[in-house]
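**Student:** Give me a model of this one.
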Amino acid sequence: MKIKIKLFLFGIAAIVFGTIIYLFLWGKLFPYSPIFIGFDKHELANTIIYVQDGVYFDDFAKIDTLTKYVEQFHELKFKSKPKLFLFKDDKSYRQRSLSNARFCAFYNGNIVISPWAVKEADIGKISLNIYLRHELSHSLLFQNKGILSAYKYPKWLLEGIAVYSTNQMGTSFYPTKAETYSLIKNGNFMPPEYFGTDKENKIKLDMEYPQAFIYSEFGCIVDYLISNYGKQKFILYMKAFLEENDNDVIFKRIYKISFEKVISNFKLSVNKYSENVITRASTPLDV
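**Tutor:** Just a heads-up that it's a prediction; the model follows:
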C-alpha cells in the first residue's frame, strides 16, 4: 500500500514538474525562462535580441541604440541588458506571451514583440522605435523596482511616462494632446487610480480607440506635472516608487499638494486650454 502511495505521489510530482518545465519553455512562463529553445541569440552592446527560428530580421543596430534615449529621460540605468524576443508567427507569440498586445514588457524586464507589430511597422502603420522605447521605459523601471515588487508600480504612471517620454501622442492610434484635451472636455476621463482595476470597466469612454486615449490622457498628466512643477521634481516622484508604493504619501511629500487636487487642477487646465484654442481660432486676423 505504501509503495502505491509513493508511486502515486511520484507521478503527481512528475506531472507538476513537467507542466512547469513546459510552461517555461513553450508556455505562458516563457518570458521568465532562463532557457530559450528555438531562438537565435544576438547579444549587442545594450540589448540581447532573441529571434525565433524562421524569422528574418536585420534591424538589430537601430534597436540597440534605443536604450540610451530611455536612460537619458528617466535618469536611470538598466541593471542588465534588456532581452527582446521576436516570434515567427502569431500562434508562437500567443502561446508564449501573457499578453495579446503588440508588445509587452514583463516584470523581469523582458520584452516580447508580436509578429503583427513588426509587419505593421514595415508598412508604416506604427513606429517600431516609438513602441520599443515605450516598452523599454517599462523594462527600465521594472528592473530598478525589482521583479518581486514591480507589479506595485502605478500602472497609470508607467503608461504616462512611456507615452510622454517617447512623444507617442499623435502617432498611429494615439490622439494628439489637443485631441486628448478635446475628448476630456467632452466628458471622457479615466481616473488614474481606476486604471488596471475593476473600476476601469465602469468608466464609459466615447471614441474609436479608448485604450489609446487613456494612454494619451496619462501622457498629458505627466506633461502637466513637468510643465507646471519641473522635470526634476517629476523624476523624484517617478523614482520614489522604486522604493515605496503609496502614491498619496509620495505625491504630497514631493509636490506639497494632494494628488487628487492636482488631478482636479489638471482637468480645469484642460477646459481653459480648449477655451483659449477656440478663442484664438475665432479671432479675425489683423489686416
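**Student:** Where do the helices of the chain begin and end?
**Tutor:** 2-26, 60-64, 66-74, 90-96, 115-122, 128-145, 155-165, 177-185, 210-229, 231-240, 247-255, 259-282 (DSSP state H).
**Student:** Kindly provide the whole-number mean pLDDT of the third one.
**Tutor:** Read it as helix 66-74. In this model, helix 66-74 has an average pLDDT of 98.
**Student:** same check, this time on the last one
**Tutor:** Helix 259-282 shows a mean pLDDT of 76 in the predicted model.
**Student:** before we move on, the earlier item: closest to residue 105 out of the helices of the chain?
**Tutor:** Ranking these by proximity to residue 105 (C-beta to C-beta) places helix 128-145 first, at 3.7 Å. In this view, the C-beta of every residue, glycine as well, is placed from N, C-alpha and C.
**Student:** Restrict the closest one to CA atoms and write it as CSV.
**Tutor:** The C-alpha trace of helix 128-145 is given here as CSV (Å, rounded to 0.1, in the frame of the first residue of the first chain):
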residue,chain,number,x,y,z
LEU,A,128,8.8,50.3,-34.1
ASN,A,129,11.2,52.8,-32.5
ILE,A,130,8.5,54.6,-30.5
TYR,A,131,6.8,51.4,-29.4
LEU,A,132,10.0,49.8,-28.4
ARG,A,133,11.1,52.9,-26.4
HIS,A,134,7.7,52.7,-24.8
GLU,A,135,8.3,49.1,-23.6
LEU,A,136,11.9,49.8,-22.7
SER,A,137,10.6,52.6,-20.4
HIS,A,138,8.6,49.9,-18.6
SER,A,139,11.6,47.5,-18.7
LEU,A,140,13.9,50.1,-17.1
LEU,A,141,11.5,50.8,-14.2
PHE,A,142,10.8,47.2,-13.6
GLN,A,143,14.5,46.3,-13.5
ASN,A,144,15.1,49.1,-11.0
LYS,A,145,12.0,48.3,-8.9
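**Student:** coming back round to it: as JSON lines, the helices of the chain with mean neighbour count and distance to residue 193 would be great.
**Tutor:** Listed next are the helices of the chain as JSON lines, based on neighbours: other C-beta atoms under 10 Å; distance: least, C-beta to C-beta, whole Å:
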{"stretch": "helix 2-26", "mean neighbour count": "11", "distance to residue 193": "33"}
{"stretch": "helix 60-64", "mean neighbour count": "15", "distance to residue 193": "34"}
{"stretch": "helix 66-74", "mean neighbour count": "17", "distance to residue 193": "23"}
{"stretch": "helix 90-96", "mean neighbour count": "16", "distance to residue 193": "31"}
{"stretch": "helix 115-122", "mean neighbour count": "16", "distance to residue 193": "29"}
{"stretch": "helix 128-145", "mean neighbour count": "23", "distance to residue 193": "18"}
{"stretch": "helix 155-165", "mean neighbour count": "23", "distance to residue 193": "7"}
{"stretch": "helix 177-185", "mean neighbour count": "18", "distance to residue 193": "16"}
{"stretch": "helix 210-229", "mean neighbour count": "21", "distance to residue 193": "12"}
{"stretch": "helix 231-240", "mean neighbour count": "17", "distance to residue 193": "15"}
{"stretch": "helix 247-255", "mean neighbour count": "16", "distance to residue 193": "8"}
{"stretch": "helix 259-282", "mean neighbour count": "13", "distance to residue 193": "8"}
